[in-house]
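Student: The following block contains a protein sequence and its predicted model.
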Amino acid sequence: MTEPTTTPFSRVKVRTGALVFCGDDVAFIRRDRPTGSHYTPPGGNVRHAEALLDALRRELDEELRLDLDDATPPELCWIQDQMVTRPGPTPPPRKIHMIFRCHITTDVKSRLAAAEYDNLPDGSQELGIIEWLDYHKAAELPLFPLIGSALTALPTPHAPTGNAWLPPITDSNYTWM
């Protein structure tokens, strides 16, 4: 039997997330915690042997109730490497964030979830509120991963994103909430 590692970042996880646009608005999940609110694009970790787009499809269905067939084909926009220490007994993994973009109509948006619940290790659930916000304001949000500046820099929701590599997330530019 292999002993669990105690070395930070010795495990690697991949997370898919999507910027789901409806016009200039983009869907974010807001989580309110004692340390403050923070926002994330809908998405989650890729399961063992799961294809990236299958993970994205699953997560968008779980969190927004969005059938990816009702959106434009996902476009990979950004990749961000995360190596951030965090509280707790488990050493943190290194995480690779794959951020995609797709667009939906107002009709599709009207059928989507307004909230979602994450299952926590203790068996409880954490509420996430789905908020549709103007993408131009993303840099002002406590947004994770750190895509706010890149998102706000887009002249339009359909504009090319340029270099896919975003600066890494480290203890020097992020504090775990």
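Tutor: That came in fine, so what should we check first?
Student: in this structure, which ranges drop under the pLDDT threshold?
Tutor: Counting by pLDDT under 70, the chain contains low-confidence ranges at 1-5, 177.
Student: Which stretches in it count as strands?
Tutor: All strands of the chain, identified by DSSP state E, fall at 12-22, 25-33, 36-40, 43-45, 75-83, 94-103, 115-119, 125-134, 169-170.
Student: Just name the most buried of those strands.
Tutor: Comparing the strands of the chain on average neighbours per residue, with mean count of other C-beta atoms under 10 Å, the densest one is strand 12-22 at a mean of 22. All C-beta atoms are positioned from the backbone trio N, CA, C, and that covers glycine.
Student: by how many degrees do it and strand 125-134 diverge?
Tutor: With axes from the mean of the first three to the mean of the last three C-alpha atoms, to 10 degrees as the criterion, the two stretches strand 12-22 and strand 125-134 enclose an angle of 50 degrees.
Student: Make 28 the starting number, not 1.
Tutor: Yes, from this point I'll number from 28; that puts the last item at strand 39-49.
Student: Can you list the strands that strand 39-49 pairs with?
Tutor: Under the criterion DSSP bridges, strand 39-49 sits next to strand 52-60 (antiparallel), strand 70-72 (antiparallel), strand 121-130 (parallel) in its sheet.
Student: want to try a markdown table for those strands, with distance to Val111 as columns?
Tutor: Formatted as a markdown table, the strands paired with strand 39-49 follow (distance: least, C-beta to C-beta, whole Å):
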| stretch | distance to Val111 |
| --- | --- |
| strand 52-60 | 16 |
| strand 70-72 | 15 |
| strand 121-130 | 8 |
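Student: Nearest to Val41, out of these?
Tutor: Smallest distance to Val41 across these (C-beta to C-beta): 4.9 Å, for strand 121-130.
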